[in-house]
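[1] Sequence first, predicted model second:
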Amino acid sequence: MEPSTEVKPFSPETEALMQQIISRYPAGNQKSALLPLLHLAQAESDGWLSVPVMDRVAQILGIQRIEVYEVASFYSMFNLKPVGKCLIEVCRTSSCWLRGAYDIVSHIENRLGIKAGETTPDGRFTLRLVECLGSCGTAPMLQIGEHYHENLTIEKVDALIESNGQNTRHSTYLDHNTFQTKR
Amino acid sequence: MERRLLLEHVDVPGIRTYDVYRAKGGYEGAEKALKSMTPDAVVEEVKTSGLRGRGGAGFPTGMKWSFLAKPEGVPRYLVCNADESEPGTFKDRFLMQHIPHLLIEGMIVSSFALGANTAYIYVRGEFFYVIRILEAAIAEAYKAGWLGKNIQGSGFDLDLYVHPGAGAYICGEETALLESLEGKRGNPRIKPPFPAVKGLYDCPTVVNNVETISAVVPIVKMGGEAYSKIGIGRSTGTKLISASGHINKPGVYEIELGVPVEEFIYSDAFCGGIWKNRKLKAVVAGGSSVPILPTELILKTANGEPRLMSYESLADGGFATGTMLGSGGFIVMDETTDIVHNLYTFTRFYRHESCGQCSPCREGTAWMEKILHKILNGQGTKSDVDLLWDIQRKIEGNTICPLGDAAAWPVASAIRHFRHEFEALVTGSKTSQPADIAV
């Protein structure tokens, strides 16, 4: 892959927070901060990791770019392609399947006019099927950003689609207040 | 009957905050350990308690601790495995979400016992809202002088950090978790060396599950001897059971080990019976990887003894007629359940989560998924069932980490106990919900 020419810093707040997170690991082991930094980078970059974004993380950590790419492509929460403003992740594994997850999926597919794995043409929603989210006692369930929505019914799903239809920001798993680095 | 040691105060309003937790006797275990015990004495109490790892393997915690190498001048680490991802398991999330300070107190006591001055809680990435709760609780604990330098004047220092994962079941395997914590792909390491000798940053490291570390608090408070009298036989203490599936009351229950399975399923104190007035068909008793058992074998052992919720009783009969307590992920299926389709959801899961390092697991899980997909869509043949059996047998025991075994056992047990359901699908006498809907 060609070296990226579009590498630019994150916001000053994010760059500062990244430095604080790096300090959580012993000197010389700054690479440990890679996963939290990628989460922060993704949250600030419309919910996905482009090559220049990953390259900036490599610069900050002083590691090879390939070390970032190979990790970003291993973990399912990192998006290497653009996603809709509202990323809906529906759990489909056993306990959720037993309590009607497929009905929830079918309903969302029909309502949004897309198949699982696709994004609506207006870029508002992406529907993704995911493996067990550890919420089996409240099945069926789905995740939008940081939030778990549990004991789903068709009515609840409709309400979620309504309330997330006009989001101006991408759904994110974390924000700057998630890590409380000042102690 | 429910027996609450960990969840004793879970219903108290505000128990998530430091002040309420402290008012309910919180941090008294840490106080006792740091002010009146030596690190070795804490290890001895844990050994005496008979506590076994609550993440799934059931290895004696005190023994694991005693393996920790202690070379001069080399830091040691305690890492909490909060990468809860075994399908059917959601107890650690519940505990961290509701009583975060119990885990923090357990981390303090355990780090003190092990001589670790830096500790990490590795939380699965999807649980960011739990990470937010833990971070807030850790900040409170620092403020109250339970973390940082010279904790409560004891001379013991501890820095505790939360580390997020990013979506990978394999990172629940302890060496994959350490790789991930070092900022790498979650590929399990070859053992030996074990983490106790060469773990995080090549330093001696103990990795324990959330529930295991939390259980150290009541053990220190009541003493290992008293704890060992709770439970049955070598299954001492209490266990958090995550109950899900076709039951009236899904949720997390803390049980004294030894409760009869029948009571656990049907009592209103626990699962409250099968939903919709249906009959029980099968149970996966300890998370997706343990063998599924039909009604007659989950309620009673092959010898006709009542089956109990304990390590030994659930394992009675080996894999021929028994199963495992595992992580305590208890998935219940009613009489209408399509066992082959349920297996398909497990196999698809393991295919997705295989790290790809070992060929038998990487290739085998994908083949098994494809064959099950074919069977569910009505295109299977009788020889496909034999092929499935053959593949799972060739995965088991032939991989670096236990994910291979975990993928093989559900397939083996489903065929062992429900072969007729596979055969009905391949002969066309029954049809299944098509697999395609969620591919």
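    Structure received.

[2] can I see the domain layout of the chain?
    Reading this off chain A. Listed domain ranges for chain A are A:12-72, A:86-164 (source: automatic domain parsing).

[3] That was the other one, I meant chain B.
    Per automatic domain parsing, the structural domains of chain B span B:18-229, B:232-334, B:339-438.

[4] Which of the helices or strands spans the residue nearest the centre of chain A?
    For chain A, the residue nearest the mean C-alpha position is residue A:77 (5.0 Å; C-alpha atoms, centre = their mean). Using DSSP states H and E, residue A:77 maps to neither a helix nor a strand.

[5] show me the contacts for the residue lying closest to residue B:127 once chain neighbours are set aside.
    The spatially closest residue to residue B:127, leaving aside those adjacent along the chain, is residue B:93, at 5.9 Å (C-beta to C-beta, 6 or more residues apart in numbering or on different chains). C-beta: built from backbone N, CA, C; applies to glycine. Contacts of residue B:93 were listed using C-beta atoms under 8 Å, 6 or more residues apart in numbering or on different chains, and they are A:134-135, B:84, B:127, B:130.

[6] Widest-spaced pair of those?
    Farthest pair in the contacts of residue B:93 (C-beta to C-beta) is A:135 and B:130. Separation: 11.2 Å.

[7] on that earlier part again, redo the domains of chain A as JSON lines? Include mean pLDDT, distance to chain B and mean neighbour count.
    Below are the domains of chain A laid out as JSON lines (pLDDT from 0 to 100; distance: least, C-beta to the nearest C-beta, whole Å; neighbours: other C-beta atoms under 10 Å in any protein chain shown):
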{"stretch": "domain A:12-72", "mean pLDDT": "97", "distance to chain B": "4", "mean neighbour count": "19"}
{"stretch": "domain A:86-164", "mean pLDDT": "97", "distance to chain B": "4", "mean neighbour count": "20"}
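
[8] How about residue B:104, nearest residue that isn't a chain neighbour?
    Using C-beta to C-beta, 6+ apart, the closest residue to residue B:104 is residue B:141 (5.2 Å).

[9] Is the one you found in contact with residue B:101, as I believe?
    Yes - counting by C-beta atoms under 8 Å, residue B:101 is a contact partner of residue B:141 at 6.9 Å.

[10] how close does residue B:252 get to residue B:235?
    To residue B:235, residue B:252 is 19 Å away according to C-beta to C-beta, to the nearest Å.

[11] after the one helix or strand residue B:206 maps to, next one along is what?
    Per DSSP H and E: residue B:206 is located in strand B:205-209. Next along the chain after strand B:205-209, taking DSSP H and E as the criterion, comes helix B:210-222.

[12] which helices and strands sit right next to that next one?
    Identification of packing neighbours for helix B:210-222 by 3 or more C-beta pairs under 8 Å, 6 or more residues apart in numbering or on different chains; DSSP states H and E yields helix B:28-36, helix B:39-49, strand B:77-82, helix B:91-98, helix B:100-114, strand B:238-245.

[13] for the lengthiest helix in chain B, the distance to its chain's centre please.
    The residue-count maximum for a helix in chain B (DSSP state H) belongs to helix B:403-427. Using C-alpha atoms, centre = their mean, to the nearest Å, the mean C-alpha position of helix B:403-427 is found 23 Å from that of the whole chain.

[14] Then stretch A:30-37?
    Counting by C-alpha atoms, centre = their mean, stretch A:30-37 comes out at 16 Å from the chain centroid.

[15] again with stretch B:273-291
    The answer for stretch B:273-291 is 18 Å, by C-alpha atoms, centre = their mean.

[16] Start and end of it, how far apart?
    End-to-end distance of stretch B:273-291 (C-alpha to C-alpha, to the nearest Å): 21 Å.

[17] Could you do stretch B:149-160 as well?
    Length of stretch B:149-160, first residue to last, C-alpha to C-alpha: 11 Å.

[18] Next: stretch B:352-365.
    Start-to-end span of stretch B:352-365 (C-alpha to C-alpha) is 9 Å.

[19] picking up where we left off before, work out for me the element the residue nearest to residue B:104 sits within.
    helix B:128-143.

[20] for that helix, packing partners?
    When contacts are defined as 3+ C-beta pairs under 8 Å, 6+ apart, helix B:128-143 packs onto helix B:18-23, helix B:91-98, helix B:100-114, strand B:118-123, strand B:159-164.

[21] Of the ones you listed, which is nearest residue A:20?
    Evaluated with C-beta to C-beta, the helices and strands packed on helix B:128-143 place strand B:159-164 nearest to residue A:20, the distance being 11.0 Å.

[22] what's the overlap in contacts for residue B:141 and residue B:101?
    Both residue B:141 and residue B:101 are in contact with residue B:18, where contact means C-beta under 8 Å, 6+ apart.

[23] excluding its backbone neighbours, what's nearest residue 65?
    Chain wasn't specified; assuming chain A. Spatial nearest neighbour of residue A:65, excluding adjacent residues (C-beta to C-beta, 6+ apart): residue A:58 at 4.6 Å.

[24] actually chain B
    Using C-beta to C-beta, 6+ apart and skipping the chain neighbours, the partner closest in space to residue B:65 is residue B:43 (5.3 Å).
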